[in-house]
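Asks: Structure of the sequence below:
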Amino acid sequence: MAELKIDEHKIHIHYDENLKYDHSYDSIISKAVIGALVSEAVDKVCIVNVLVTDDEGIREYNREYRSIDKATDVLSFPMQTFLNAGWKGIGEPEFDEDTGDLLLGDIVISLESVERQAAEYGNTNEYEIAYLIIHSSLHLIGYEHDDDKNEKAMHGKSEQIIQEII
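Replies: Here you go, the predicted model:
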């Protein structure tokens, strides 16, 4: 198989229709998703959908899909099964019947939370959105932070990727 070019991944970014945001974050969102995929040496063309919303929008997703009635910063909805963390841990992948691309999953992110957390942590909005998108992308490829060891590993990997893209 020919080597995959990173620009072959399909990152679809959508903005909640009620938001007045421009598309100034599109580039950093795409770089963050692709950075996570490259870090894992993903060798299949992947499709990732990203919805940019506000706190109320993400609260609705959190309530509907996780039964948690509060806003959060980012949500991940993996569409593949991983037997363990990382690209090599993928089970039996499911591909789009029309394109043959791998449907990796969906990300929902709240720009209100991004802006609030960036101010709180002394980061730029770009850094904060990149970090959260990387974090969420790692969830799409099987990473979890269900214990201290996994949380530390996931944080370290996120920090490594963000230094490479920003």
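Asks: Next, the distance between the ends of stretch 85-97.
Replies: End-to-end distance of stretch 85-97 (Cα to Cα, to the nearest Å): 25 Å.
Asks: Poorly predicted segments of the protein, please.
Replies: 1-7, 21 (pLDDT under 70).
Asks: Please repeat the previous calculation with a cut-off of 90.
Replies: The chain contains residues with pLDDT under 90 at 1-8, 16-24, 43, 83-86, 88-89, 91, 145-151, 153, 166.
Asks: all helices for it, in order.
Replies: 26-39, 55-66, 111-121, 125-140, 148-165 (DSSP state H).
Asks: isn't Tyr127 right up against Ala119?
Replies: No. Tyr127 is beyond contact range of Ala119, at 11.8 Å (criterion: Cβ atoms under 8 Å). Every C-beta, even on glycine, is put in place using the N, C-alpha and C of the backbone.
Asks: Between those two, which has more neighbouring residues?
Replies: A count of neighbours by other Cβ atoms under 10 Å puts Tyr127 above the other of Tyr127 and Ala119, at 16 against 12.
Asks: For that one, which residues are in contact?
Replies: Contact partners of Tyr127, counting by Cβ atoms under 8 Å, 6 or more residues apart in numbering, are Ala118, Ile162, Ile166.
Asks: out of those, who has the most neighbours?
Replies: Ile162 (19 neighbours).
Asks: measure it to Leu51 for me?
Replies: Distance, Ile162 to Leu51, using Cβ to Cβ, to the nearest Å: 21 Å.
Asks: ok, back up a step: most tightly packed of the helices of the chain?
Replies: Among those, helix 125-140 has the highest mean neighbour count (mean count of other Cβ atoms under 10 Å), at a mean of 23.
Asks: Can you give the distance of that helix from its chain's centre?
Replies: 6 Å (Cα atoms, centre = their mean, to the nearest Å).
Asks: That one to helix 111-121, inter-axis angle?
Replies: Using axes from the mean of the first three to the mean of the last three Cα atoms, to 10 degrees, the inter-axis angle of helix 125-140 relative to helix 111-121 is 110 degrees.
Asks: contacting residues for the closest residue to Ile133 other than its chain neighbours?
Replies: Distance criterion Cβ to Cβ, 6 or more residues apart in numbering; nearest residue to Ile133, sequence neighbours excluded, is Ala32 at 3.7 Å. Under the criterion of Cβ under 8 Å, 6+ apart, the contact list for Ala32 reads Ile129, Ala130, Tyr131, Ile133, Ile134, Ser137, Ile161, Ile162, Ile165.
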